[in-house]
Structure formats: structure tokens, C-alpha cells
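Participant: can't give you the sequence, but here's the structure:
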């Protein structure tokens, strides 16, 4: 009986320690990332705005959440805050293509194709940040996504050596904010582990400097 009680105490202590570590990791990632969020008007000029993918509809158009990210990035481009736009998303299958949907949306609004760089292997936030530096040679960046996502994205970016600031793209309510905020709790722990282990993305590839011509990354007319 005594042995059983000792094991129960150990399990409770381990659970409490684990919970404390999860809370501490979340606090570090959230607050260190959050301090880098600025308004579009207050953002400092940077090489590029990095737009993180957020899904496309069945007919290949950006979802409302992604459309707002694109509009925020377009504003940064039009006001001269950035010279290039890096569109990072999932293009793992021929029938699912976030990056060309983003490209078409911005080209229709007057952005020259040479200023649009496509990261076809931005499968998650960590991969997008890692590849921004390793493949596209980005040094300073304005990350564009919704506010619930920005602290994690910015924390990853800075830990991977990018000079990063973030502009929120929340222009409307999407009806999923609470669910996404809850998901961020686990995602921050995952991000901390990825950065600590310095995980390499599955796909890297040749260097394509962001200072060059974005059409080198286009795979469709």
C-alpha cells in the first residue's frame, strides 16, 4: 500500500512539474513574440513582408482569413514599407495550392510578378521562417498573420536569426478565434521544441535570394 502511495505522489509531482513547464514555455514564447507586434503605420521598412498561408476554398480562392493577410501585406507594399512579398504556404499536391492562389490575388491588385516570391513548402510556421532565411536569404521581415498567431511566428523568426516585426491582419471576425487561440497553446510548446532541436524542414532546395526576381519561384503562368 505504501509503495502504491509513493508512486501516486510521484505521478502527481511529475504532472505538476510538466504542467508548470508547459505554462512557462507558453509564457516565454507568447510574451517575447508579442512585444514585436506593431501597427502597419508604425512598422519599420523591411526587405519583405512574409504572408503565412491560411487555406484556400474548394475553387482555389483564398479563405477570408488568408485574404485579410494578403490585404495587410498589400498595404505594406503600396505604402513602401516593403519591396517584396514572400508568400509561404502549402503546395504539397497539385490539387491544393495556397501560394498560387495568393500570387493571383495580389497580381490582380497590381503587384508586379517579379516582386512576388512563392515558398511552395511553407507547410507550417516553423518551416516558413526557416526557409525564409535559408532559401530566400531574408534578413529583416514583417510577418503578416492574425494576432493570435503572431507571437509564436515572431518568436520562431527571431530565434532563427531574422530581424522580425509583425503586423496583425485581423480585419473581421472569423468565428474560429477561440479554437485557434486554444490550439496555439500546444503549438507554442511544439515551436519551442523545434527551435531547441533546430529542426531542419523536410524540403530545402537551392538558394533564391529575395533581392532577385520573384518569377524564378513561379511554377504557373
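Facilitator: Right, received. Where do you want to start? Since the model is a prediction, treat every value here as computed from it, not as a measurement.
Participant: residues in contact with the residue most central in space within the chain?
Facilitator: Most central residue of the chain, judged by C-alpha distance to the mean C-alpha position with CA atoms, centre = their mean, is residue 125 at 4.0 Å. Counting by CB atoms under 8 Å, 6 or more residues apart in numbering, residue 125 touches 52, 149, 152, 153, 156, 187, 191. Backbone N, C-alpha and C define where each C-beta goes, glycine included.
Participant: does the fourth one really touch residue 143, like I thought?
Facilitator: If I follow you right, that is residue 153. Yes: using CB atoms under 8 Å, residue 153 makes contact with residue 143 at a distance of 5.1 Å.
Participant: More neighbours: which of the two?
Facilitator: Set side by side, residue 153 and residue 143 show more neighbours around residue 143, with 34 against 25, by other CB atoms under 10 Å.
Participant: Can you verify the more buried one is assigned to a helix?
Facilitator: No: if the criterion is DSSP: H, G, I helix; E, B strand; the rest coil, then residue 143 is strand and not within a helix.
Participant: Quickly list what the closest residue in space to it that isn't next to it in sequence is bridged to.
Facilitator: Spatial nearest neighbour of residue 143, excluding adjacent residues (CB to CB, 6 or more residues apart in numbering): residue 166 at 4.4 Å. According to DSSP bridges, the partner residues bridging residue 166 are residue 37, residue 143.
Participant: A helix includes residue 117, no?
Facilitator: No: under three-state DSSP, residue 117 sits outside any helix and is assigned strand.
Participant: residues in contact with it?
Facilitator: Applying CB under 8 Å, 6+ apart, the residues contacting residue 117 are 48, 84, 85, 86, 87, 136, 208, 210, 214, 217.
Participant: Ramachandran coordinates for the fourth one?
Facilitator: Right, the one you point to is residue 86. phi -110, psi 120 (degrees, to the nearest 10).
Participant: Over to the third one?
Facilitator: Reported as degrees, to the nearest 10, the phi and psi values for residue 85 are phi -120, psi 130.
Participant: for it, what are its contacts?
Facilitator: Counted by CB under 8 Å, 6+ apart, residue 85 has contacts 48, 49, 51, 73, 77, 106, 111, 115, 116, 117.
Participant: In stretch 106-119, which residues are buried?
Facilitator: For stretch 106-119, the neighbour count (16 or more other CB atoms under 10 Å) marks 106, 111, 115, 116, 117, 118, 119 as buried.
Participant: The third one against residue 77, yeah?
Facilitator: Yes: in this structure, residue 115 sits in contact with residue 77. The criterion is CB under 8 Å, and the distance is 7.3 Å.
Participant: Spell out which residues are contacts of both of these two.
Facilitator: With CB under 8 Å, 6+ apart, residue 115 and residue 77 have common neighbours 83, 85.
Participant: shared neighbours, residue 153 and residue 143?
Facilitator: 52, 166.
Participant: residues touching the nearest residue to residue 150 once chain neighbours are set aside, list them.
Facilitator: Nearest residue to residue 150 in three dimensions, chain neighbours excluded: residue 166, at 4.2 Å (CB to CB, 6+ apart). Counting by CB under 8 Å, 6+ apart, residue 166 makes contact with 33, 36, 37, 38, 142, 143, 144, 145, 150, 153, 154.
Participant: could you flag which of the residues you listed are buried?
Facilitator: Here, 16+ other CB under 10 Å leaves 33, 36, 37, 142, 143, 144, 145, 150, 153, 154 buried among these.
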